[in-house]
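Engineer: mind looking at a prediction? Sequence and model below.
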Amino acid sequence: MLIKISIHFLITTLALLAISGCSSYERFPGQNEIAENKARAAVELEKEIPMIGVGTMCIGHPGVSYIHTSYVQEPFSQNMEGGGNCGGLVAGGYRLPEKWQPGMKVKVRWKPNGREWIEKYTTIMPYTKAGVLYVHFFENDQVRVVSSAYAGASSPRHPISKDATTPPPEVEQ
């Protein structure tokens with residue numbers, strides 16, 4: 001019995017050592033350095049522009065076929081966040097400035113049901129306080145992005161009416 005426990009302990013210990021050795025493995029040269037540089041840049045940016053984690057949600061307007069999956073690029077990074085289909089909230093992994101900043105142009109990538117991926121750029125509409133990031137899809141592959149801290153998509157106070165059939169004008173600032 002003691003030998004059986006010792007062998008089990010030895011195998012477990014060797015497995016843990018093997019796994020811990022893999023944690024420093026680089027898939028390509030310089031990968032760790034790139035990740036560290038991105039992390040440092042994010043910390044420096046946060047000193048200048050306070051950021052907050054928010055959830056994302058997409059809204060399909062009348063005439064839009066089912067949106068299978070959508071992603072939105074963060075305004076000051078190359079990260080694409082989201083992944084949910086329309087109607088579901090993706091919890092707070094999206095980094096958004098606490099206060100709106102001019103020039104927040106983002107790439108939106110989505111897959112309508114039965115169609116190929118679509119990518120478009122749009123600006124995030126001005127907001128006073130960061131909240132859930134709503135991606136609104138309209139006919140003819142038009143898209144608008146808003147952040148709303150106080151009014152959900154069904155609220156009459158939401159920046160874009162859920163029943164709207166055309167998007168508001170693109171905000172360029």
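Structural biologist: Sure, I can see it. Numbers count the residues shown, from 1 in each chain.
Engineer: CA atoms for contacts and neighbours, from now on please.
Structural biologist: Will do.
Engineer: residue boundaries of the helices in this structure?
Structural biologist: Taking DSSP state H as the criterion, the chain carries its helices at 2-22, 31-48.
Engineer: surely Met125 and Ser147 touch.
Structural biologist: Yes. Met125 lies in contact with Ser147 (C-alpha atoms under 8 Å); the separation is 7.4 Å.
Engineer: which one of the two has more residues nearby?
Structural biologist: Ser147 (26 against 23; other C-alpha atoms under 10 Å).
Engineer: grab the nearest non-local neighbour of the more buried one.
Structural biologist: Leu133 (4.4 Å; C-alpha to C-alpha, 6 or more residues apart in numbering).
Engineer: identify the bridge partners of the one you found.
Structural biologist: Thr56, Ser147 (DSSP bridges).
Engineer: measure it to Ser148 for me?
Structural biologist: Distance, Leu133 to Ser148, by C-alpha to C-alpha, to the nearest Å: 7 Å.
Engineer: what number of residues lie near Ile49?
Structural biologist: 17.
Engineer: ok, Val72 to Gly82 distance?
Structural biologist: 6 Å.
Engineer: before we move on, what about Ser70?
Structural biologist: Counting by C-alpha to C-alpha, the gap from Ser70 to Gly82 is 6 Å.
Engineer: how does this protein divide up, domain by domain?
Structural biologist: With domains defined by automatic domain parsing, the chain comprises 1-48, 51-173.
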